[in-house]
Structure formats: C-alpha cells, structure tokens
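Undergrad: My questions are about this predicted structure, shown below with the sequence.
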Amino acid sequence: MSAARTVGILGGGQLGRMLGLSAIPLGIECVFYDPAPDAPARVAGRHICAPWDDRAALAAFAESVDVITFEFENVPTASLAFLAGIRPVRPGVRSLELTCDRIREKEFLRSAGVPVQPFAAIATDADLDLALATVGPHGVLKTRTLGYDGKGQRVVRAAAELAPAWTDLGRRPCIYEAFVPFDREVSVVATRALDGSTAVYPLVENLHTHGILFRSIAPARVDDAIAAAATRHARSVLEGLGHVGTLALEMFVADGTLVANEIAPRVHNSGHWTIGGARTSQFENHMRAVAGLPLGDAGAPEHAAMVNLIGGVPDTAEILAIPGASAHLYGKSPRPGRKVAHMNLVAPSREELLARLERLEALARRVNRLA
C-alpha cells in the first residue's frame, strides 16, 4: 500500500495548523475543512470553508484527498460516517464515538484495564440519588458530550449541591464522577501506526488554571513505576480503540497510583512541547501514521516544557531572550479565555529547565486573560 500524499483534516484550528506545518517537510499536502473563514490552519494548506452538514462540500472535500483525519473531536458523527464511506478515516469512527460521550469513554477505559474513579450517569431526577449512592457527595458533574477547557462541568462538594449543579448545566445528560484528591495531573501522548507499531512520549506533568492547561513539564516528576504504568495504559487504549494516529490519555496521580480522567483522540495541548522537545513531534507522528508512513522516535533528548498563552501574547523578543525558548503563534485574535499561542522550552537538566521556566511563566501570567 502506497503512502497517502494528500490528507484531509477536519477542523482548522491551531492543532490543524501545526499538523499542516509538520506535513510540509514530509511532502504531504493538507486540505482543511472548517466552517470558519479565518481558520488558523488555512496558512498551511487548502481551506474548504463550508458547514459541517453540507454533504456536497463534504463529498468534494473527501474526493480531493487520499485519507481523512480530524484535529478536534466535536466533528458531527453523521458527517464523519458519511466521509468514511468515501475515503479512509484515521483514526476510525470508533475512536470518536467512544470518546465524545464521557460515559462510553469511562466504560471503555474500565474494559481496557485502565483504572477509573467511580462514576454514574444522570439523565433524570431519579438518577440523582442513585448517583450519590454510587459516587458519594464529593464529585465532579460533567455534560456527557461537548465541553472542554473546564466548560460544561461543576464541582459538587455536598449532596445538596448535585441537583442545583445539574440544573445549572441545563439538565442535560451528564456523568457524575468521584472527586480524585490527586497529587499531580499527568498525561501520556502516544501514536499508533497502520501496522500496529506504537510510539509513546515521556509522561507529562500538567498544571491547569480555571480548567485550562497552563503548563506542561516533560518528563513528569514521578517514579519509574508510575511512568511505566502510564505507557502500558496508553498502549492498551490505542490497541483497544484500533486507533491510527496520535491521542492523549489524561490521568491523575493519587496515592502512588494512576486514575484515568479522559481520552483526547487527537494531538493534544499537553504534547505541544514535542515540537523541538522530542526527536519527532506529536504532529509529525500523527501525519506519518495517518499517511501510512513509519513512525519516528518519540524520545526527548533534553528536559522540556510548554506554557500556554491565553488571551494575550507578550513581545516575541521577550520570549526568545530566554535560553532554549521558542514561540508558536496561532494567528488568532486575542480575547479572554482563548488559546492564542504557546511557548516551548528545552534545557539540559531539570534544574536549569525549572529556573528558565519561572521566567517563561512570569511572561505568561503578565499577559494571560482567562475570563
């Protein structure tokens, strides 16, 4: 089977932009399908601007490429199924269907042998008492579908708060999960190729602010047993889904064990450090996988970090003045709560990385506008 030379990407945000940029050195042409006329990815390939339910535009898009992938999971499943009837979709429809619904996602993780916290579905008033009995009074209520960067969820600290929290979320179908008193938030980014081979990146330690990822450090400050378990879980998820491409498994470290939070069936914010920080970035490995090419080395020669810029960007010269730092701007108009860029950092030792990281985080805190 020959490698794909033209890849269609559903979504044209910053993830699509970075996928497209990584494809250029591989000789792969990208075609982006996104309803937004100012989609950031349009600078890295051809842009088809049309609604998600426009079957004629979708068909023309599919017929112009060799294979299709996606950069975000909120692609309508009907549109994805329609496209899958015309061209191969990698990762498959199964990866999207299982991860776009938080109940099905948790059930899949449990069946794959990945530890999860107690959870319960809520769709009616009658479900509230059962959910409290199953999960307990301290939990997190999330909508079953949609929601990202802290949206569509509420923390519940007492039994009396669950019903009002559900009302606050519009009484939509939800999942109620036990609150995990974690020591660290971590994620593992991994890629699976068409032939089933995998590349797993070093475990990453994450810090969120107001539900939005602020900073990632690689490798995470955990013991070798935790890192090895995370790698095993990532491979179990990849194989269980039959996933082709990159994904991220987000987890909590609690009392020396791992508890899975959620799967992102695509390249992920916590893997942005791999641009310049790993021998092959998560974006290049995703493009290699979906195009049918061999995977690259996911190892990291140095310690690395990433800091998000949310709602504002400092002067580029200030970023580049920090040794080992690089700037990655998305071409998006700044507004509060919007990821508009990120900064990467590499250093030969953890101590040097953390010292430089203080300067980088100070820049971000000066310009970030979260709300």
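TA: Good, I have the coordinates.
Undergrad: Let me see the ranges of the helices in this structure.
TA: 14-23, 55-63, 77-84, 93-99, 102-111, 126-135, 162-168, 224-241, 274-277, 282-291, 316-320, 350-367 (DSSP state H).
Undergrad: other SSEs contacting the fourth one?
TA: Packing contacts for helix 93-99, counted by 3 or more Cβ pairs under 8 Å, 6 or more residues apart in numbering; DSSP states H and E, involve helix 77-84, helix 102-111, helix 224-241, strand 257-264. Backbone N, C-alpha and C define where each C-beta goes, glycine included.
Undergrad: Next: the shortest one.
TA: With contacts defined as 3+ Cβ pairs under 8 Å, 6+ apart, the secondary structure elements packing on helix 274-277 are helix 282-291, strand 303-310, strand 325-329, strand 339-347.
Undergrad: just the fifth one next, same as before
TA: Contact here means 3+ Cβ pairs under 8 Å, 6+ apart; on that basis helix 102-111 packs against helix 93-99, strand 119-122, strand 174-178, helix 224-241, strand 257-264.
Undergrad: show me where pLDDT drops low in the chain?
TA: 1, 147-150, 371 (pLDDT under 70).
Undergrad: how about 80 then?
TA: 1, 146-151, 371 (pLDDT under 80).
Undergrad: Domains in it, by residue range?
TA: Domain assignment for the chain by automatic domain parsing gives 6-89, 118-178, 184-367.
Undergrad: wait, which of the ones you listed is closest to L98?
TA: Closest to L98 of those, according to Cβ to Cβ: domain 184-367, at 6.6 Å.
Undergrad: For burial, what's the neighbour tally of the nearest residue to A364 once chain neighbours are set aside?
TA: Nearest non-adjacent residue to A364, counting by Cβ to Cβ, 6 or more residues apart in numbering: V307, 4.9 Å away. V307: 28 surrounding residues under other Cβ atoms under 10 Å.
Undergrad: got it, and the one 4 residues further on?
TA: With neighbours defined by other Cβ under 10 Å, the count for G311 comes to 18.
Undergrad: how long is stretch 278-287 end to end?
TA: 16 Å (Cα to Cα, to the nearest Å).
Undergrad: quick one on the thing from earlier: any chance of the helices and strands packed on helix 102-111 in JSON lines, plus mean neighbour count?
TA: Listed next are the helices and strands packed on helix 102-111 as JSON lines, based on neighbours: other Cβ atoms under 10 Å:
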{"stretch": "helix 93-99", "mean neighbour count": "19"}
{"stretch": "strand 119-122", "mean neighbour count": "22"}
{"stretch": "strand 174-178", "mean neighbour count": "24"}
{"stretch": "helix 224-241", "mean neighbour count": "18"}
{"stretch": "strand 257-264", "mean neighbour count": "20"}
